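In: Fold the stuff below for me.
(one chain, ligands or ions: 2)
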Amino acid sequence: MPFITTPKTFAALGSGVIGSGWVARALAHGLDVVAWDPAPGAEAALRRRIANAWPALEKQGLAPGASQHRLSFVSTIEACVRDADFIQESAPERLELKLDLHAKISAAAKPDAIIASSTSGLLPSEFYESSTHPQRCVVGHPFNPVYLLPLVEIVGGRNTSAEAIEAAKVIYTTLGMRPLHVRKEVPGFIADRLLEALWREALHLVNDGVASTGEIDDAIRFGAGLRWSFMGTFLTYTLAGGDAGMRHFMAQFGPALKLPWTYLPAPELTEKLIDDVVEGTAEQLGERSIAALERYRDDTLLAVLEAVKTSKANHGMAFGD
Ligand SMILES: NC(=O)C1=CN([C@@H]2O[C@H](COP(=O)(O)OP(=O)(O)OC[C@H]3O[C@@H](n4cnc5c(N)ncnc54)[C@H](O)[C@@H]3O)[C@@H](O)[C@H]2O)C=CC1
Ligand SMILES: C[N+](C)(C)CC(=O)CC(=O)[O-]
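Out: Ligands and ions are numbered 1, 2, ... in the order given. As a prediction, the model looks like this:
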């Protein structure tokens, strides 16, 4: 069965940090959005988050007809998905909850509407186990803030069809994203495997009293973080090998892989470690509110995205290259 690839109505289930990011992206691309979230006060919180994101989306450029007023908030799962052309679930990261939720979503949805989950690393074969028409069910793992960062990892489960993966790619591209098909279904997919390794090392550094949370963030944002916005680790290290490239890099730094530079097992999350991380980040936040920090992040990301786009164009490359 052909799937809908030109959605007009976007359904969002769960409207927390990620769900609201999807809603903002879909509205900015001129879609009608129907949202559902069981928490008391969820609609007001969602509308507040959209309003906070909107200035950045206006700067980036809205699609014709895009409006915050095209969001409606409903009180049941069925009302949310019944008329939707595309469905994105962003509920809490708990396997049992997603399994139950997807059984209900898929039973009420149009059979040709793609259903996606924002999960950060649960396996689609497991949480789509009880779904109706599971061939149209995928993971579409986004990155925060969803309304500005282009990457979305698409992962299929054992019942997902190749056509559904292609349809999801088309839909996310239409929403201004850069899909990456994760061809093997593995926990954590690609990006969170990498991010978790960094996060564990950062927690060990705090736990061992080597550095504060602010110092660790400085080590990223003034160094590798800047180059990661346009060049990944493999190409960066190719350049670090000089004219001889990666072969010389491997010869020089390969032996360091055996040195105790990393402690990959996670540290024990003691109360002290949690307090150190919370107090350290509170100090970094200072007097700023989360909403103000989000606006600073959005403006800076827009500037970085624009700079990367311009530089790539000067080198004959498209943004997605
Ligand atoms: N926060 C992040 O950085 C990222 C999170 N994700 C994924 O997105 C999903 C949502 O995460 P967040 O937005 O961070 O969580 P969140 O805690 O901010 O939002 C979750 C929302 O789901 C609602 N909810 C509770 N029970 C529900 C149910 N049965 N059905 C639908 N909604 C329900 C809650 O009221 C809440 O508004 C998770 O699967 C997570 O792994 C993906 C990428 C990044
Ligand atoms: C922390 N996290 C695993 C939920 C992060 C992500 O999934 C992606 C991101 O935005 O960093």
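In: Please make it C-alpha for all contacts and neighbour counts, starting now.
Out: Noted.
In: right, and the helix or strand after the strand or helix carrying Ile165?
Out: Per DSSP states H and E, Ile165 falls inside helix 162-174. The first helix or strand that comes after helix 162-174 along the chain, using DSSP H and E, is strand 178-182.
In: name the helices or strands packed onto that next one?
Out: strand 151-156, helix 162-174 (3 or more Cα pairs under 8 Å, 6 or more residues apart in numbering; DSSP states H and E).
In: residues of the last one that come out buried?
Out: Put plainly, it is helix 162-174. Using 16 or more other Cα atoms under 10 Å as the test for burial, helix 162-174 gives Ala164, Ile165, Ala167, Ala168, Lys169, Val170, Ile171, Tyr172.
In: returning to what we had before: for the helix holding Ile165, the distance to its chain's centre please.
Out: 17 Å (Cα atoms, centre = their mean, to the nearest Å).
In: Tell me which of the helices and strands packed on strand 178-182 lies nearest to Val74.
Out: helix 162-174 (23.5 Å; Cα to Cα).
In: Just the CA atoms of that closest one, as PDB, please.
Out: The C-alpha coordinates for helix 162-174 follow below in PDB (Å, rounded to 0.1, in the frame of the first residue of the first chain):
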ATOM      1  CA  ALA A 162      11.400  -0.500   2.900                       C
ATOM      2  CA  GLU A 163       8.600   1.700   1.400                       C
ATOM      3  CA  ALA A 164       7.800   3.100   4.900                       C
ATOM      4  CA  ILE A 165      11.500   4.000   5.400                       C
ATOM      5  CA  GLU A 166      11.500   5.800   2.000                       C
ATOM      6  CA  ALA A 167       8.200   7.500   2.800                       C
ATOM      7  CA  ALA A 168       9.600   8.700   6.200                       C
ATOM      8  CA  LYS A 169      12.700  10.100   4.400                       C
ATOM      9  CA  VAL A 170      10.500  12.100   2.000                       C
ATOM     10  CA  ILE A 171       8.300  13.500   4.800                       C
ATOM     11  CA  TYR A 172      11.200  14.500   7.000                       C
ATOM     12  CA  THR A 173      12.900  16.100   4.100                       C
ATOM     13  CA  THR A 174       9.800  18.100   3.300                       C
END
